[in-house]
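S.K.: Sequence and predicted structure, then a few things I'm wondering about:
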Amino acid sequence: MDGLGVVVTPDIYASLVVECTQKQDAIEAAGIYTHMKKNAGIVRFLKGSSGLCLLNRILLMLVSCGCFDVAHQLFDEMPHRNFISLAIVMAALIDNHLFEEALELFVNMHRYFVYQEFDSGLEIVLVSFLKACVHLKEVDLGKMVHGWMLKMGYDRGLVVDTALVEFYGKSGCLMEANHVFFDLIRVVDHRDTVLWTGVIVNNGRKQCFGEVIRLFRVMGEAGVRMNEYTFSNVLKACGRVGDGGLFGQQVHANAIKLGLDSCVFVMCALIDMYGRCGLLNDAKRVFDSMDHRKRNNACWNAMVTGFIHHGSYIDALKTLYEMKAAGLKPQKSVMDEVRLACGSLKLEIT
């Protein structure tokens with residue numbers, strides 16, 4: 001276009017930037033950005049308030065194409081910013097595991113903005129910040145920002161509240177996670193699968209298996225759609241409540257009804273649940289029905305462990321050899337249990 005004397009307008013640049021972002025071509029991104037900086041008219045346009053949208057697109061192009069240092073420099077030099085600008089950089093910092101830099105940017109963002117409006121950009125910023133707090137184990141800082149969100153009225157969005165539930169759950173603060181969840185569904189009828197499954201995962205992580213089952217029941221009554229992760233986590237709880245697999249069988253029936261019983265996560269959880277409950281024939285039936293290419297370490301380990309825990313040592317050894325023949329390596333804890341089982345078997349023979 002330069003050779004033809006064509007004037008490159010902001011709209012043309014915007015199209016080029018969007019196309020390059022989709023292709024994620026670092027060389028092309030650097031070329032477009034360099035060309036724009038040499039265009040005096042575009043430089044003037046970008047310095048005005050109307051140029052912010054294009055600047056944000058350039059920022060997104062640079063981080064999408066891996067030109068993070070250039071993007072960070074552009075952000076620092078931008079004459080105007082909004083929460084979208086900050087969200088792009090925050091998300092890029094998190095993706096690059098630069099959690100401390102992300103926290104520092106969030107803490108200092110009051111220098112750039114006045115919090116008059118909660119737009120989608122700030123939502124992304126808050127979610128990114130909470131992820132950084134989890135990775136850096138900054139529980140107190142996360143709680144402080146949650147308090148700030150309550151004060152500013154930024155705590156009623158599904159995306160942010162889901163991030164809060166995940167933050168508290170992964171930080172070991174089950175009571176706070178459950179409080180955020182139940183406070184949200186009391187105010188708004190949220191039937192989001194990720195939110196509900198996240199709460200189930202949190203309670204399972206803290207071994208509150210009875211609460212997991214209660215939440216699953218409430219989830220069904222509320223008409224919330226369940227996915228394979230919901231079922232796999234609930235089945236894990238079913239194998240640990242000591243009811244002989246009664247509720248687990250009901251959950252299995254629900255999974256069949258929804259067509260999720262053939263998912264690998266669900267099948268592994270079923271093998272584990274039936275094995276723990278002593279229903280070894282049911283565990284073996286699920287295991288045998290699996291495509292052998294889908295049998296991962298978790299499925300094999302669950303089958304071996306189920307046999308060992310209920311005294312079927314010969315079946316455990318046979319399954320272990322089949323596992324090795326399939327090219328998979330048992331985890332150390334399973335091998336330790338097998339060795340103990342072999343010792344017990346030897347004592348019984350003698």
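M.R.: Structure received. Residues are numbered from 1 along each chain as shown.
S.K.: what ranges of the chain fall below the confidence cut-off?
M.R.: 1-7, 110-120, 155-156, 187-189, 341-350 (pLDDT under 70).
S.K.: domains for it, by residue range?
M.R.: According to automatic domain parsing, the chain comprises the domains 1-81, 193-294, 306-350.
S.K.: Could you verify my assumption that Ala14 touches Arg57?
M.R.: Yes. Ala14 is in contact with Arg57 according to CB atoms under 8 Å; the separation is 6.1 Å. Where you see a C-beta, it was placed from the backbone N, CA and C, and this is true even at glycine.
S.K.: Single out the most deeply packed of the domains of the chain.
M.R.: Highest mean neighbour count of those: domain 193-294, a mean of 19 (counted as mean count of other CB atoms under 10 Å).
S.K.: how far is it from where the chain is centred?
M.R.: Relative to its chain's centre, domain 193-294 lies at 19 Å (CA atoms, centre = their mean, to the nearest Å).
S.K.: The closest residue to Met109 other than its chain neighbours sits in which helix or strand?
M.R.: Once flanking residues are discounted, Met109 sits nearest to Leu86: 5.9 Å by CB to CB, 6 or more residues apart in numbering. Using DSSP states H and E, the element containing Leu86 is helix 83-95.
S.K.: That helix: which residues count as buried?
M.R.: Phe83, Ile84, Ser85, Leu86, Ala87, Ile88, Val89, Met90, Ala91, Ala92, Leu93, Ile94 (16 or more other CB atoms under 10 Å).
S.K.: Relative to Ser49, which of the residues you listed is nearest.
M.R.: Of all the buried residues of helix 83-95, Ser49 sits closest to Ser85, with 12.9 Å by CB to CB.
S.K.: which residue packs closest to Met290, ignoring adjacent ones?
M.R.: Met267 (5.6 Å).
S.K.: Could you name the specific helix or strand carrying that neighbour?
M.R.: Using DSSP H and E, Met267 falls in helix 264-276.
S.K.: list the helices and strands that helix packs on?
M.R.: helix 228-238, helix 246-257, helix 280-289, helix 297-309 (3 or more CB pairs under 8 Å, 6 or more residues apart in numbering; DSSP states H and E).
S.K.: contact partners of stretch 19-27?
M.R.: Glu28, Ala29, Ile32, Arg57, Leu60, Met61, Ser64, Cys65, Gly66, Cys67 (CB atoms under 8 Å, 6 or more residues apart in numbering).
S.K.: of the residues you listed, closest to Leu320?
M.R.: Distances from Leu320 to those, taken by CB to CB, are shortest for Gly66, at 44.7 Å.
S.K.: What separation do you get for the residue nearest to the closest one when sequence neighbours are not counted and Val18?
M.R.: Ranked by CB to CB, 6+ apart and with sequence neighbours excluded, the top spatial neighbour of Gly66 is Ala26, at 5.1 Å. Ala26 sits 16 Å away from Val18, going by CB to CB, to the nearest Å.
S.K.: Could you list the buried residues of the helix or strand harbouring Gly147?
M.R.: Element membership of Gly147 [criterion: DSSP H and E] is helix 139-152. Buried residues in helix 139-152, counted by 16+ other CB under 10 Å: Val139, Leu141, Gly142, Lys143, Val145, His146, Met149.
S.K.: Reformat those residues as JSON lines; add distance to Asn281.
M.R.: Shown next, in JSON lines, are the buried residues of helix 139-152 (distance: CB to CB, whole Å):
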{"residue": "Val139", "distance to Asn281": "45"}
{"residue": "Leu141", "distance to Asn281": "51"}
{"residue": "Gly142", "distance to Asn281": "47"}
{"residue": "Lys143", "distance to Asn281": "49"}
{"residue": "Val145", "distance to Asn281": "52"}
{"residue": "His146", "distance to Asn281": "49"}
{"residue": "Met149", "distance to Asn281": "52"}
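S.K.: and the host helix or strand of Leu184, what other elements does it pack with?
M.R.: Leu184 is part of helix 174-187 when elements are defined by DSSP H and E. Here helix 174-187 touches helix 158-170, helix 193-205, going by 3+ CB pairs under 8 Å, 6+ apart.
S.K.: Quick one: closest of those to Ile271.
M.R.: Among the helices and strands packed on helix 174-187, helix 193-205 sits nearest to Ile271 (CB to CB), with 17.2 Å.
S.K.: Who are the packing partners of the closest one?
M.R.: helix 158-170, helix 174-187, helix 209-221, helix 228-238.
S.K.: Would you mind putting the ones you listed into JSON lines with distance to Gly121 alongside?
M.R.: Listed next are the helices and strands packed on helix 193-205 as JSON lines, based on distance: least, CB to CB, whole Å:
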{"stretch": "helix 158-170", "distance to Gly121": "12"}
{"stretch": "helix 174-187", "distance to Gly121": "22"}
{"stretch": "helix 209-221", "distance to Gly121": "32"}
{"stretch": "helix 228-238", "distance to Gly121": "29"}
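S.K.: Nearest to Cys263 among the ones you listed would be which one?
M.R.: helix 228-238 (4.0 Å).
S.K.: and that closest one, what does it pack onto?
M.R.: helix 193-205, helix 209-221, helix 246-257, helix 264-276.
S.K.: With distance to Ala71 as added columns, please give the ones you listed in CSV.
M.R.: Shown next, in CSV, are the helices and strands packed on helix 228-238 (distance: least, CB to CB, whole Å):
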stretch, distance to Ala71
helix 193-205, 29
helix 209-221, 41
helix 246-257, 44
helix 264-276, 36
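S.K.: All set, thanks.
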